[in-house]
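Novice: would you be able to build a 3D model of this:
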Amino acid sequence: MPKFEYLGKEKSGHMVSGDLDAKNRNEAVSLLIEKGLTPIKINECKRGIFKSNSKREGRISGKEKVVFSRQLAILINSGLPLAQSFSILQKQTSNQKFKKIIEEVGKDLQGGISLSDALSKHPKAFSTIFVNMVRAGEIGGTLDQTLERLANQMEKDREIIAKVRNAMMYPSVIIVAMIGAVTFLMVKVVPQLSTIFEDMGGELPINTRALIFISNVLKNYLIFVILSVVGTIYALRRLVKTNKKFKFHFNAFLLKVPLIKMVIIKLNTARFARTLGMLLNSGIPVMESLEIVNNSISNEVFLRKLAEARNAVKNGQTLSGALTQTALFPPLVCEMISVGEETGNLEEILAKLADFNDKELDSIISNLSAILEPVIMLALGGIVGFIVISILQPIYTMSDLV
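Specialist: Alright, predicted model coming up:
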């Protein structure tokens, strides 16, 4: 089903952006009206294998958004008008796509539109969380502080992603080297030995026959095997991105893998706590904050459980009680939130929980290579052991017969 990006206006006058699935443009309009929105702009999202290249050419990096937020906070704190601040930021930005967006936002500001509404017209550059935080900052008169907090959160997210990538670098190199070495053995060495086995005669053990079969497949159809693997990976990624049901089951599977489960829970707990704390601290009501916080969660299982928790809070249950029922958040998190609710320091407690989970996540990521290395070496040893045994077994069998 096609996906449409939209810009709509609420009855209050606030601009809202997002995307939805619909059969056609008319159905998309009807769905927006049912939501109580007046459609302003609706565009069908382009799909296809060539889309990613064009997107990357003008991609706005997380670092650029962090710099933008910090610079805007400084300019606002200096007392400069917003329109003038955006004019300065436009000149300092080297990314042409981002420069164009900043220019358009600046024009909207000159036309009397609020900053949050102007930013909401560019959902690919500014997330729902970003827009709503800015809106809260505008209302509370703390826009510069809000932008600084947003910059800190984006920077923290970037640091976590960078640490995960660095931690996975060494294991990835080992895995690639292992695949290369095994492929070389199967394509170059085993076929020569299989010829010797045929000349020797006699029935080969089942594991040796299996090894020769795999070797023949790789030797004769290596390109097709590679294309099949790449195609499968691409198809799985597309399914995860486009099919919510498949994504849910895939995410549920990941939550059953011990080490991955720990990383996912710590990551999403930290994001949930930090984002919710920021939203509440900005004066956004609990129910609205719980709705917005979904945009910081990447795991579909977490999203469904949070939807259940949100409904429970709507029906009068405490946030801590609702989160306990999800059985996803660690008991310590739920207990600390309960303390925050009782003492009235929920925002402060959430910030501390986010920092605590970030530190635990850092510890897990730092030890990731040390944990994965022996697992990979065991796997490599098992594969090489199978190949060696499968080669030597018929040789020893034939020598015994002689």
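Novice: residues touching Asp358, list them.
Specialist: Contacts for Asp358 were tallied using C-beta atoms under 8 Å, 6 or more residues apart in numbering; they are Lys156, Ile160, Ala270. C-beta here means a position set from N, CA and C on the backbone, and glycine is covered the same way.
Novice: which single one of those is nearest to Lys256?
Specialist: Using C-beta to C-beta, Ala270 comes nearest to Lys256 of the contacts of Asp358, at 21.0 Å.
Novice: which stretches of the stretch 301-402 of the chain have low pLDDT?
Specialist: Across the stretch 301-402 of the chain, the stretches falling below the confidence threshold (pLDDT under 70) are 398-402.
Novice: residue ranges of the helices in it, please?
Specialist: Listed in chain order, the helices of the stretch 301-402 of the chain (DSSP state H, counting those that start in this stretch) span residues 319-326, 331-343, 346-366, 368-401.
Novice: could you pull out the buried residues of the third one?
Specialist: Under the neighbour-count criterion of 16 or more other C-beta atoms under 10 Å, helix 346-366 has 346-347, 349-351, 353-354, 356-358, 360-361, 364-365 buried.
Novice: also the second one?
Specialist: The neighbour-count check on helix 331-343 (16+ other C-beta under 10 Å) flags Val333, Cys334, Met336, Ile337, Ser338, Gly340 as buried.
Novice: distance of the most centrally placed residue in the chain from Met154?
Specialist: To find the centre residue of the chain, average its C-alpha atoms and take the closest one (C-alpha atoms, centre = their mean): that gives Ser298, at 5.1 Å. Using C-beta to C-beta, to the nearest Å, one obtains 15 Å as the distance from Ser298 to Met154.
Novice: equivalent analysis for Val190, please.
Specialist: Computed as C-beta to C-beta, the Val190 to Met154 distance reads 51 Å.
Novice: now Gly106: which helix or strand?
Specialist: Of the helices and strands defined by DSSP states H and E, Gly106 is found in helix 96-110.
Novice: just name whatever secondary elements that helix is in contact with.
Specialist: helix 62-77, helix 82-92, helix 115-119 (3 or more C-beta pairs under 8 Å, 6 or more residues apart in numbering; DSSP states H and E).
Novice: name the residues that touch stretch 390-399?
Specialist: Applying C-beta under 8 Å, 6+ apart, the contact partners of stretch 390-399 are Val190, Leu193, Phe197, Met200, Gly202, Leu204, Pro205, Asn207, Thr208, Ala210, Leu211.
Novice: repeat that for 6 Å
Specialist: The contact list for stretch 390-399, computed with C-beta atoms under 6 Å, 6 or more residues apart in numbering, reads Leu193, Phe197, Met200, Leu204, Pro205, Asn207, Thr208, Leu211.
Novice: what of stretch 19-31?
Specialist: Outside stretch 19-31, the residues that touch it by C-beta under 6 Å, 6+ apart are Met1, Lys3, Phe4, Glu5, Pro39, Ile42.
Novice: who wins on neighbours among those residues?
Specialist: Across these, neighbour numbers were computed from other C-beta atoms under 10 Å; Phe4 holds the maximum, 22 neighbours.
Novice: domain ranges for this protein?
Specialist: 3-48, 61-148, 258-366 (automatic domain parsing).
Novice: what's the end-to-end length of the second one?
Specialist: Counting by C-alpha to C-alpha, to the nearest Å, the length from the leading to the trailing residue of domain 61-148 is 17 Å.
Novice: average pLDDT across that domain?
Specialist: Predicted confidence along domain 61-148 averages 90 (mean pLDDT).
Novice: distance of Ile292 from Leu211?
Specialist: For Ile292, the distance to Leu211 under the criterion C-beta to C-beta works out to 56 Å.
Novice: pull out the buried positions in the helix or strand where Leu227 lies.
Specialist: Element membership for Leu227 (DSSP H and E) is helix 206-242. Buried residues in helix 206-242, counted by 16+ other C-beta under 10 Å: Thr208, Leu211, Ile212, Ser215, Leu218, Val240.
Novice: show me what the closest residue to Ile42 other than its chain neighbours is bridged to.
Specialist: Nearest residue to Ile42 in three dimensions, chain neighbours excluded: Tyr6, at 4.9 Å (C-beta to C-beta, 6 or more residues apart in numbering). Each beta-bridge partner of Tyr6 is listed here: Gly18, Ile42, as defined by DSSP bridges.
Novice: how many neighbours does Tyr6 have?
Specialist: Counted by other C-beta under 10 Å, the residues lying close to Tyr6 total 22.
Novice: I'd guessed Arg149 sits against Met278; true?
Specialist: Yes. At 5.5 Å, Arg149 and Met278 qualify as touching, with contact defined as C-beta atoms under 6 Å.
Novice: what about the two, which has more around it?
Specialist: Applying other C-beta under 10 Å to Arg149 and Met278 shows that Met278 carries more neighbours, namely 26 against 21.
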